[in-house]
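Asker: fold the stuff below for me.
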Amino acid sequence: MGKQRRTEWLSARVLGVFIVASTIQSAPAATWCVGPACSYQTISAAVAGASAGDVIQVQPGVYSESVVITKSLSLIGAGNGTIINAIGLPNGIFINGMATAPMAGISGVVVSGFSVQNANFEGILVANATEVTVSNNLVTGNNRSLNIGSGVCPGIPAFETNEGDDCGEGIHLMAVDHSVISGNIVKNNSGGILISDETGPTHDNLISGNTVSNNPYDCGITLASHAPAALSGLKLPAGVYHNTISGNTSSNNGLQLPGAGAGIGIFAPGPGNQNYGNVVINNTITGNGLPGVTMHNHAAPPKAPAPNLNDNVIVGNTISGNAADTEDAATPGPTGINLYSVAPVTGTIIAQNKFNNEQIDVAVNTPAADVTMRLNDLQGQTGVDNLGSGTVNANFNYWGCPQGPGTNTCAGMIGVVLAPSYATSPF
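Answerer: This next block holds a predicted model:
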């Protein structure tokens with residue numbers, strides 16, 4: 001075969017392979033039906049039979065199963081009448097990216113339109129995943145294994161290193177990034193929505209438009225850096241960072257036990273824990289068992305890996321009627337926002353929040369505070385209580401009356417608080 005003929009033959013082969021590959025890649029996704037008159041009678045069978053990219057539509061009914069997803073697909077229910085009743089089972093839905101060796105993760109999963117109930121642990125657990133959407137679900141009555149008197153959750157997997165006292169809550173993201181949790185109702189679980197890092201970093205997620213209420217033993221929405229799971233191979237916590245908590249309602253959580261849960265909690269509790277650069281914006285946070293927004297670090301011994309609770313932004317929230325903090329992070333009374341840390345914390349911004357029905361609007365207790373407060377409507381008896389040795393820069397806030405902090409009926413300030421100028425009317 002001559003050189004020109006060989007070149008033409010090779011070109012044709014390459015073109016043929018390209019055409020076949022293009023045809024495979026552009027093949028339309030299949031849509032499968034689950035229900036009494038459908039191809040599948042159970043959701044799990046449909047998930048097992050589906051290919052990556054397929055859509056599974058589930059008719060109304062009660063499905064007594066635990067659904068495990070290990071491939072990219074869309075699982076669509078018909079609303080609250082499409083019930084996954086996971087009584088006696090670990091989870092209602094488990095999006096499991098740990099099952100792809102070597103924990104390579106999973107992407108592109110959508111779960112929408114279900115009522116997920118009665119699981120022993122989480123209603124919906126998402127682990128080692130990216131670009132996941134969990135929307136418009138009702139997640140209620142889960143965490144059935146919890147023994148709150150003993151603070152344990154018998155049988156919960158070892159990779160969930162800090163969930164003994166809440167069984168992982170209603171929805172749990174772990175080692176998840178660039179995902180959206182939106183429009184869900186999460187109620188009557190031990191806790192609401194949990195974002196943690198046992199098997200990898202959890203970052204750049206949007207938690208938006210959810211209603212999280214009446215979860216009695218933990219926070220409404222929790223961002224918590226935990227000890228790494230043994231199977232992750234990590235030596236230090238991976239971190240919870242750059243997440244956005246936007247437009248949610250978090251109310252009446254953590255009320256069953258004193259000090260059980262905040263409206264929104266941001267925790268880097270011990271050495272090496274990382275919880276930084278998160279944004280809490282435009283949420284309504286009311287009537288919870290700890291301060292509305294609670295940020296904690298409790299241990300930073302010398303020579304241990306430093307914790308990171310820096311650069312969190314709390315902006316544009318309505319915060320009302322929450323409780324005092326407790327134990328080492330105790331505040332003198334009901335508090336809107338509490339920042340407590342035994343290690344220095346830098347870059348905290350608290351801006352454009354509206355406080356009502358709190359004794360203390362903002363409490364700060366750190367050894368070297370770097371807290372900037374601007375444009376807040378402070379209506380409490382005390383607008384700012386600096387319990388620590390650092391300085392709070394609280395210039396240009398409204399203190400509840402035109403005369404400024406500590407005068408007439410205006411909110412006061414305690415400790416080292418800089419407020420050389422102030423607003424004379426609410427924002």
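
Asker: so, low pLDDT: which residues of the stretch 301-427 of the chain?
Answerer: The stretch 301-427 of the chain contains no residues with pLDDT under 70.

Asker: repeat that for 80
Answerer: 369 (pLDDT under 80).

Asker: show me where pLDDT drops low in the stretch 1-150 of the chain?
Answerer: Using pLDDT under 80, the stretch 1-150 of the chain drops low at 1-28, 100-104.

Asker: repeat that with 50
Answerer: Scanning the stretch 1-150 of the chain for pLDDT under 50 picks out 1-26.

Asker: how about the strands in it?
Answerer: 31-34, 55-58, 61-63, 67-69, 74-76, 82-85, 93-96, 106-107, 110-112, 115-117, 124-130, 133-135, 138-140 (DSSP state E, counting those that start in this stretch).

Asker: go through the ones you listed and name the closest to residue 422.
Answerer: strand 133-135 (41.8 Å; CB to CB). (Each C-beta comes from the backbone N, C-alpha and C, glycine too.)

Asker: what about the most centrally placed residue in the chain, which SS state?
Answerer: Residue closest to the average C-alpha location in the chain (CA atoms, centre = their mean): residue 195, at 3.8 Å. Three-state assignment for residue 195 (DSSP: H, G, I helix; E, B strand; the rest coil): strand.

Asker: ok, now how distant is it from residue 402?
Answerer: Noted for residue 195: a distance of 41 Å to residue 402, by CB to CB, to the nearest Å.

Asker: kindly report the same for residue 253.
Answerer: Residue 253 is 36 Å from residue 402, where distance means CB to CB.

Asker: check residue 208 too.
Answerer: Distance from residue 208 to residue 402, by CB to CB: 36 Å.

Asker: neighbour-wise, which of the two wins?
Answerer: Ranked by neighbour count (other CB atoms under 10 Å), residue 208 and residue 402 place residue 208 first, with 19 against 13.

Asker: show me the contacts for residue 351.
Answerer: Taking CB atoms under 8 Å, 6 or more residues apart in numbering, we find residue 351 in contact with 313-316, 372-376.

Asker: also residue 403?
Answerer: By CB under 8 Å, 6+ apart, the neighbours of residue 403 are residue 410.

Asker: that one sits in which helix or strand?
Answerer: Assigned by DSSP states H and E, residue 403 falls within no helix or strand.

Asker: now swap in residue 373 and tell me
Answerer: strand 369-374.

Asker: who does that strand touch, helix- and strand-wise?
Answerer: Packing contacts for strand 369-374, counted by 3 or more CB pairs under 8 Å, 6 or more residues apart in numbering; DSSP states H and E, involve strand 345-351, strand 391-393.

Asker: that one vs strand 345-351, what angle?
Answerer: Angle of strand 369-374 versus strand 345-351, following axes from the mean of the first three to the mean of the last three CA atoms, to 10 degrees, is 20 degrees.

Asker: so what would you say the end-to-end distance of stretch 226-243 is?
Answerer: End-to-end distance for stretch 226-243, by CA to CA, to the nearest Å: 16 Å.

Asker: just stretch 222-242 next, same as before
Answerer: 14 Å.

Asker: swap in stretch 212-220?
Answerer: 6 Å.

Asker: now it: average pLDDT?
Answerer: Stretch 212-220 carries an average pLDDT of 98.

Asker: which residues are contacting that stretch?
Answerer: Contacts of stretch 212-220 (CB under 8 Å, 6+ apart): 146, 148, 165-166, 169-170, 186-194, 221, 248-257, 260-265, 285, 288, 290, 294.

Asker: pull out the buried residues from those residues.
Answerer: Among the contacts of stretch 212-220, the ones that count as buried by 16 or more other CB atoms under 10 Å are 146, 148, 165-166, 169-170, 186-194, 221, 248-255, 260-265, 285, 288, 290, 294.

Asker: those in strands, which ones?
Answerer: Applying DSSP state E to the buried ones among the contacts of stretch 212-220, the entries found in strands are 186-187, 193-194, 221, 249-251, 264-265, 285, 294.

Asker: farthest pair within these?
Answerer: For these, and using CB to CB, no pair is farther apart than 187 and 294, which are 20.0 Å apart.

Asker: what is the subsequent helix or strand relative to the strand holding residue 373?
Answerer: For strand 369-374, the following helix or strand on the C-terminal side (DSSP H and E) is strand 382-386.

Asker: need the contact list for residue 334.
Answerer: Residues 291, 321-324, 357-360 are the ones in contact with residue 334 under the rule CB under 8 Å, 6+ apart.

Asker: restricted to buried residues, select those residues in ChimeraX.
Answerer: Per 16+ other CB under 10 Å, the buried members of the contacts of residue 334 correspond to this ChimeraX selection:
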select :291,321,322,323,324,358,359,360
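
Asker: any idea how far the nearest residue to residue 405 once chain neighbours are set aside is from residue 329?
Answerer: Leaving aside its sequence neighbours, residue 405 sits nearest to residue 399 (CB to CB, 6 or more residues apart in numbering; 4.5 Å). Computed with CB to CB, the distance linking residue 399 and residue 329 is 25 Å.

Asker: for stretch 290-307, which positions count as buried?
Answerer: Those would be 290-298, 300, 307, for stretch 290-307 by 16+ other CB under 10 Å.

Asker: CA atoms only: put it into PDB for me.
Answerer: The C-alpha coordinates for stretch 290-307 follow below in PDB (Å, rounded to 0.1, in the frame of the first residue of the first chain):
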ATOM      1  CA  LEU A 290     -28.700  28.300  71.000                       C
ATOM      2  CA  PRO A 291     -27.800  31.700  69.400                       C
ATOM      3  CA  GLY A 292     -29.100  32.200  66.000                       C
ATOM      4  CA  VAL A 293     -25.700  31.900  64.400                       C
ATOM      5  CA  THR A 294     -23.200  30.100  66.600                       C
ATOM      6  CA  MET A 295     -19.500  29.800  65.800                       C
ATOM      7  CA  HIS A 296     -17.200  27.700  68.000                       C
ATOM      8  CA  ASN A 297     -13.700  26.500  68.600                       C
ATOM      9  CA  HIS A 298     -13.000  24.800  71.900                       C
ATOM     10  CA  ALA A 299      -9.400  23.600  71.800                       C
ATOM     11  CA  ALA A 300      -6.100  24.900  70.400                       C
ATOM     12  CA  PRO A 301      -3.200  23.400  72.400                       C
ATOM     13  CA  PRO A 302       0.300  24.500  71.800                       C
ATOM     14  CA  LYS A 303       2.100  22.700  68.900                       C
ATOM     15  CA  ALA A 304      -1.100  21.100  67.800                       C
ATOM     16  CA  PRO A 305      -2.400  21.800  64.300                       C
ATOM     17  CA  ALA A 306      -4.100  25.200  64.400                       C
ATOM     18  CA  PRO A 307      -7.900  25.400  63.800                       C
END
